[in-house]
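Q: What follows is a predicted protein model with its sequence.
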Number of protein chains: 2
Amino acid sequence: MNKYIELVNEKLNEYMPIIYPEKIFKSMKYTVTLPGKRLRPVMCLEACKIMGGKIEDAMPTACAIEMLHAQSLIHDDLPCMDDDSFRRGKPSNHMVFGEAIAVLAGDALLSFAPQLIIEKSKLSSDIILKVLHEFVSSAGAYQLIGGQVVDILSEEGRCKLYDSDEETLKYIHTNKTAVLFKLALKTGAIIAGAGEEQIKEMEDFGQKFGLAFQIYDDIMDEISSFEELGKTIGKDKDAGKLTYVTLYGLDKAKEKVHELISDAHSIIDKYNSEIFESILDKILEKINK
Amino acid sequence: MNKYIELVNEKLNEYMPIIYPEKIFKSMKYTVTLPGKRLRPVMCLEACKIMGGKIEDAMPTACAIEMLHAQSLIHDDLPCMDDDSFRRGKPSNHMVFGEAIAVLAGDALLSFAPQLIIEKSKLSSDIILKVLHEFVSSAGAYQLIGGQVVDILSEEGRCKLYDSDEETLKYIHTNKTAVLFKLALKTGAIIAGAGEEQIKEMEDFGQKFGLAFQIYDDIMDEISSFEELGKTIGKDKDAGKLTYVTLYGLDKAKEKVHELISDAHSIIDKYNSEIFESILDKILEKINK
């Protein structure tokens, strides 16, 4: 796990030059290289590996997904969105570079990431195109952005489609959070040349894990300190935000995480992946503290 | 020309569904379908045609480039950027949908556009990949975003690399404006299966035309009324913005447009394209009024 994280950090650094106009490249790199667990790229590499591929083949895609994740954080933190001044314990992007550059850095990452996949992947055109298709359809209004939009609208009490809060919440969690895990796992499998059934398995794993991860994240927002989390805490409760915790309470939320992690285990255990198992276990460990 | 514009408008409408969550899809479609001259998609289709291709083959890419253009307008108009309340005679995106949705609509278009190219192009994987590569490298920090960044920094007097205002201005115009014309013309040629030399010719044409177009745009900002232009006018002068007009005056700017349009003619005339000729002539006609 640590070896993967190191590799990813090394590559993120290598892939991101600081050239003219420096300010935008610095701003992009600032958020991408903030210390983090690199869960999404690590899971992409591991999915590739357990499907019989070489992890270096998945590296550009793994890093591109981390960039997409960073992009969503930069724009999420903007004053007109969640208005967060801290991210991973550091000032958020617009606090350092200003709002205009933060908007543009996010925009630039949305093109830089697929450019990286195209330029650095040593794969057939067909495979690269399949990966790119997963990437852009996950990043857009059909999924990631759709999730963010419903999240915003639900806070304003203006989300009409779903009858229940639970359904709305599932839409948000699936599209805002699970989507990037699914993307990472599926593309890892695609790069390894896995079959449709295995790709679907990775998608299911990503869905279960992603939902668990979001509820875990909401639990941590409730119970952690600023030092542990590195971002403004208790905001969800204060904002009356719709989360599994505000909806069902802490105990029910923890129960749900256990259930989802158990589902995830049942999909993945046959692959005997230490990395996946340790990621799943760590989630349970943290919420049980 | 009008037939192309109609076709493009029809396709833009067809390609952009309004599905859940409707607000984001409406916001994306709002700016993309504002009345416009559709210069970039028309030039993409025409480049494909003069290189012996079928215009329907270039349609998804032509529309994707118009979407990228709309994306840059949505984010450019944001309060933290140019803070423009009007665009093409209508309220700008954030005035209608709010800032958060406008940020996300721009983001979503950056993924929607390449997704469209992948899903709707009936071309080989190699050609699609080549088109996508041009698309994302044009859209990102190396070009379009780079141009916008230097534009912003130069207004703040913080652009250091270039010694002269003229060089800075050329960087901005090349990367902020000419880039989308070059992208349109090059991809049109690529889709038609043109050779490297012809693709290069289209790039040169796009560069000359793009620079002419930006200076023309700055001239119009100086001499037009709000009704003609559909956006806030005289802003450049008021803001002390670096443009060819503020730098050299109106007469010199008009002279420069004539020179660039003449260069563009000399590249393109052998193709006997009525559409390209009429686009070039219209620019001269307008500034000579």
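A: Nice, I can see it.

Q: Residue A:25 and chain B: what is the separation?
A: With distances taken as C-beta to the nearest C-beta, to the nearest Å, residue A:25 is found 6 Å from chain B. Where C-beta positions appear, they are placed from N, C-alpha and C, glycine not excepted.

Q: Could you do residue A:97 as well?
A: Residue A:97 is 10 Å from chain B, by C-beta to the nearest C-beta.

Q: residues near that residue, how many?
A: Residues near residue A:97, counting by other C-beta atoms under 10 Å in any protein chain shown, number 22.

Q: How many neighbouring residues does the closest residue to it other than its chain neighbours have?
A: Excluding the flanking residues, the one nearest residue A:97 by C-beta to C-beta, 6 or more residues apart in numbering or on different chains is residue A:27, at 4.2 Å. Applying other C-beta under 10 Å, we find 25 residues neighbouring residue A:27.

Q: Likewise for the one 10 residues further on?
A: Residue A:37 has 12 neighbouring residues, counting by other C-beta under 10 Å.

Q: State whether it is indeed within a strand.
A: No - Residue A:37: not assigned to a strand; according to DSSP: H, G, I helix; E, B strand; the rest coil it is coil.

Q: residues contacting it?
A: Residue A:37 sits next to residue A:5 when contact means C-beta atoms under 8 Å, 6 or more residues apart in numbering or on different chains.

Q: With residue B:142 as the reference, measure out to it.
A: 30 Å (C-beta to C-beta, to the nearest Å).

Q: before we move on, the earlier item: give the contact list for the residue nearest to residue A:97.
A: Residue A:27 neighbours (C-beta under 8 Å, 6+ apart): A:93, A:96, A:97, A:101, A:102, A:104, A:105.

Q: count of neighbours near the first one?
A: Going back to what we said before, that points to residue A:93. Residues near residue A:93, counting by other C-beta under 10 Å: 27.

Q: Take the contacts of residue A:27 and lay them out in a markdown table including secondary structure, distance to residue B:57 and pLDDT.
A: Putting the contacts of residue A:27 into a markdown table (DSSP: H, G, I helix; E, B strand; the rest coil; distance: C-beta to C-beta, whole Å; pLDDT from 0 to 100) gives the following:
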| residue | secondary structure | distance to residue B:57 | pLDDT |
| --- | --- | --- | --- |
| A:93 | helix | 40 | 98 |
| A:96 | helix | 45 | 98 |
| A:97 | helix | 41 | 97 |
| A:101 | helix | 38 | 98 |
| A:102 | helix | 38 | 98 |
| A:104 | helix | 32 | 98 |
| A:105 | helix | 34 | 98 |
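
Q: which of the residues you listed are buried?
A: A:93, A:97, A:101, A:102, A:104, A:105 (16 or more other C-beta atoms under 10 Å in any protein chain shown).

Q: For residue A:77, give me phi and psi.
A: phi -80, psi -10 (degrees, to the nearest 10).

Q: any idea which helix or strand carries the residue sitting nearest the centre point of chain A?
A: The centroid of chain A falls nearest to residue A:180 when counting by C-alpha atoms, centre = their mean (4.5 Å). Counting by DSSP states H and E, the element that carries residue A:180 is helix A:179-191.

Q: chain center to that helix: distance?
A: Centroid displacement of helix A:179-191 relative to its chain, using C-alpha atoms, centre = their mean, to the nearest Å, is 11 Å.

Q: does any part of that helix sit near chain B?
A: No - Helix A:179-191 lies out of reach of chain B by C-beta under 8 Å from any C-beta of the partner chain, never closer than 11.7 Å.

Q: what's the answer for stretch A:122-129, then?
A: Yes - Stretch A:122-129 is in contact with chain B by C-beta under 8 Å from any C-beta, via A:125, A:126, A:128, A:129.

Q: So for that stretch, what gets flagged as buried?
A: So for stretch A:122-129, counting by 16+ other C-beta under 10 Å, buried means A:123, A:125, A:127, A:128, A:129.

Q: Between those residues, which sits nearest chain B?
A: Closest approach between the buried residues of stretch A:122-129 and chain B, by C-beta to the nearest C-beta: residue A:125, at 4.1 Å.

Q: show me the contacts for the closest one.
A: B:125, B:126, B:129.

Q: Out of the residues you listed, list just those in helices.
A: Residues of the contacts of residue A:125 located in helices (DSSP state H): B:125, B:126, B:129.

Q: And the longest helix belonging to chain A, what does it pack against?
A: The residue-count maximum for a helix in chain A (DSSP H) belongs to helix A:196-223. Here helix A:196-223 touches helix A:39-50, helix A:179-191, helix A:226-229, helix A:235-238, helix A:244-248, helix A:250-268, helix A:274-288, going by 3 or more C-beta pairs under 8 Å, 6 or more residues apart in numbering or on different chains; DSSP states H and E.

Q: Averaged pLDDT, the fourth one. What do you get?
A: When the per-residue pLDDT values of helix A:235-238 are averaged, the result is 60.

Q: Just list the residues touching residue A:188, thanks.
A: A:43-49, A:51, A:53, A:58, A:61-62, A:202.

Q: ok, the ones in helices among the contacts of residue A:125 vs residue A:194, which is closest?
A: Distance to residue A:194 across the ones in helices among the contacts of residue A:125 (C-beta to C-beta) is lowest for residue B:125, with 19.0 Å.

Q: ok, so what distance separates the nearest residue to that closest one once chain neighbours are set aside from residue A:263?
A: Distances taken as C-beta to C-beta, 6+ apart put residue A:125 closest to residue B:125, at 4.1 Å, once the chain neighbours are dropped. Per C-beta to C-beta, residue A:125 is found 36 Å from residue A:263.

Q: Residue A:40 now?
A: From residue A:40 to residue A:263 the distance is 20 Å (C-beta to C-beta).

Q: now swap in residue A:52 and tell me
A: Taking C-beta to C-beta, one finds residue A:52 at 24 Å from residue A:263.

Q: These two: who's more crowded?
A: residue A:263 (17 against 11).

Q: surely the more buried one meets residue A:206?
A: No - the criterion here is C-beta atoms under 8 Å, and residue A:263 misses it with residue A:206 at 11.8 Å.

Q: still on that earlier bit, and the angle for the helix holding residue A:180 with helix A:250-268?
A: Helix A:179-191 runs at 10 degrees relative to helix A:250-268, counting by axes from the mean of the first three to the mean of the last three C-alpha atoms, to 10 degrees.

Q: what about helix A:179-191, average pLDDT?
A: The model assigns helix A:179-191 a mean pLDDT of 98.

Q: can you list the weak-confidence ranges in the stretch 151-289 of chain A?
A: A:157-163, A:225-240 (pLDDT under 70).

Q: mind redoing it with 50?
A: Low-confidence segments of the stretch 151-289 of chain A, defined by pLDDT under 50, are absent.

Q: Report the contact partners of residue A:58.
A: Residue A:58 neighbours (C-beta under 8 Å, 6+ apart): A:44, A:45, A:47, A:48, A:187, A:188, A:191, A:192.

Q: Kindly recompute the last result at 7 Å.
A: A:44, A:45, A:48, A:188, A:191 (C-beta atoms under 7 Å, 6 or more residues apart in numbering or on different chains).

Q: For the third one, the count of nearby residues, please.
A: The burial metric for residue A:48, expressed as a neighbour count using other C-beta under 10 Å, is 29.
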